[in-house]
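Enquirer: I'd like to go over a predicted model; first the sequence, then the structure.
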Amino acid sequence: MPPLPHEPFRARHMKKLRNQHILARDFLRGWRHLAVGAEFAGMHPEQLEAKVREAEKIRGEIASALARLSALRLQRDQTERALAKDLIRLANGVRGHPDYGDDSPFYSALGFIPHSEIRSGRPRKPRR
């Protein structure tokens, strides 16, 4: 919803904080070209620029942290895929082992259904 024309400047432009560094750069550009040497609200352009640089520095740190997080998530997914393949190989090894097999309590403890407990397909109603 666009802001109403009678809303004060602050209400229209302070709603989305993620664009404040862009807005501050526009302030600085206008201040330096159109109000050279002026002081507003007890602040000089250099003070505002220092605050803008600090905000942009933090924004850069956040971008770096998000990139690192993305890389860590990819690494986790690759590791877990390899782990899943290893678990399947181990389960197949238990299933094929002569002392354990697919009907042992150990196979059941791994989370699989023992062969003797597997139900056959779709149950059907008895015919009359």
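Expert: In hand now; what should we look at? Residues are numbered from 1 along each chain as shown.
Enquirer: Next, the buried residues of stretch 85-100.
Expert: Neighbour-count burial for stretch 85-100 flags 94-95 (criterion: 16 or more other C-beta atoms under 10 Å). In this view, the C-beta of every residue, glycine as well, is placed from N, C-alpha and C.
Enquirer: Name the surrounding residues that touch it.
Expert: If you take C-beta atoms under 8 Å, 6 or more residues apart in numbering as the criterion, stretch 85-100 is touched by 101-102, 104, 106-107, 110, 112.
Enquirer: Identify the farthest-apart pair in those.
Expert: The span of the contacts of stretch 85-100, defined through C-beta to C-beta, is set by 101 and 110 at 12.2 Å.
Enquirer: chain center to the host helix or strand of residue 48, what's the gap?
Expert: For residue 48, the host element (DSSP states H and E) is helix 45-96. Taking the mean of its C-alpha atoms, helix 45-96 sits 8 Å from the chain's own mean (C-alpha atoms, centre = their mean, to the nearest Å).
Enquirer: what about it, average pLDDT?
Expert: The average pLDDT within helix 45-96 is 94.
Enquirer: Could you give me the buried positions within the next helix or strand after that helix?
Expert: Note on helix 45-96: by DSSP H and E, the next helix or strand toward the C-terminus is helix 105-109. Applying a neighbour-count criterion of 16+ other C-beta under 10 Å, the buried positions in helix 105-109 are residue 107.
Enquirer: and the contacts of stretch 85-100, which are buried?
Expert: By 16+ other C-beta under 10 Å, the contacts of stretch 85-100 give 102, 104, 107, 112 as buried.
Enquirer: Export the residues you listed as TSV, with columns for distance to residue 125 and pLDDT.
Expert: Compiled in TSV, the buried ones among the contacts of stretch 85-100 are given as follows (distance: C-beta to C-beta, whole Å; pLDDT from 0 to 100):
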residue	distance to residue 125	pLDDT
102	30	88
104	34	89
107	33	88
112	30	87
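Enquirer: Pick the one among those residues closest to residue 26.
Expert: Looking across the buried ones among the contacts of stretch 85-100 and measuring by C-beta to C-beta, the closest to residue 26 is residue 112, at 63.7 Å.
Enquirer: Is the closest one part of a helix or strand, or is it coil?
Expert: coil (DSSP: H, G, I helix; E, B strand; the rest coil).
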